[in-house]
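J.: based on what follows, work out the 3D shape:
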Amino acid sequence: MEEKLQTDQEIVQHSLIEKESFAELITRYEQKLRRYVARLGVRTKDDQDDVLQNTFLKVYRNLNSYDPDLPFSSWVYRIARNEAISWYRHQRVRPEGYVVADSDEILALVAETVDSPEVVFDQALAATEVSRAVAGLEEKYRAVIILRYFEHKEYDEISDIMQIPLGSVGTLLYRGKKKLATVLKSFTMRSNEYTP
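T.: Reported below is the predicted structural model:
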């Protein structure tokens with residue numbers, strides 16, 4: 001019986017010798033990357049399939065250039081991000097990312113970032129409003145927030161994926177959460193205006 005390969009790096013090395021092993025990487029990352037590109041704004045399944053196909057083709061073609069001393073997940077997420085951006089340019093559309101089932105988590109994180117006591121978030125704020133708020137952020141802020149709080153990436157991985165200095169990750173997260181707090185506050189203020 002063949003021993004199952006455990007690490008991404010082992011699977012990459014094995015894929016360089018035996019092409020069929022690459023399917024294990026696809027199995028391991030397909031759903032994670034689908035969720036990620038959906039959050040980046042590639043909404044339809046067909047469009048996600050196109051982005052993922054291009055991502056995995058690019059990963060496969062460039063396996064020889066992958067540095068096994070670095071996390072494979074950062075490398076594959078960076079390629080997926082670049083493919084999503086290329087897809088936007090090709091489609092000439094603006095990303096309209098969405099967030100599913102994570103609104104409580106992002107609200108808590110934004111609330112703890114903002115020192116201002118007058119910023120009180122309604123915990124019943126709908127996921128669609130959180131989605132609109134995240135989608136409305138500038139791309140650089142939206143990208144770090146999605147990677148950190150929805151994909152649960154560490155600062156060094158975000159730095160690698162976005163190809164920015166490590167110090168910039170913290171700065172972008174802080175500013176992005178403040179901007180997100182402002183947008184979410186305006187949503188709650190508007191919804192309170194309609195409350196009888």
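
J.: okay, CA-based contacts and neighbour counts for the rest of this
T.: OK.

J.: check which element follows the helix or strand of the chain with the lowest mean pLDDT along the chain.
T.: Lowest on mean pLDDT, DSSP states H and E among the helices and strands of the chain sits helix 103-113, with a mean of 56. Per DSSP states H and E, the first helix or strand lying C-terminal to helix 103-113 is helix 127-135.

J.: next one: that following helix to chain centre, how far?
T.: Centroid separation between helix 127-135 and its chain, computed with CA atoms, centre = their mean, to the nearest Å, is 14 Å.

J.: tell me how far whatever helix or strand Ile145 lives in lies from the chain's centre.
T.: Applying DSSP H and E as the criterion places Ile145 in helix 139-145. In terms of CA atoms, centre = their mean, the centre of helix 139-145 is set 8 Å apart from its chain centre.

J.: model confidence over whichever helix or strand comes after it, on average?
T.: The C-terminal neighbour of helix 139-145 among helices and strands, as given by DSSP H and E, is helix 155-162. Across helix 155-162, the average pLDDT comes to 93.

J.: dump the residue contacts of Ile145.
T.: With contact taken as CA atoms under 8 Å, 6 or more residues apart in numbering, Ile145 is in contact with Leu173, Gly176, Lys177.
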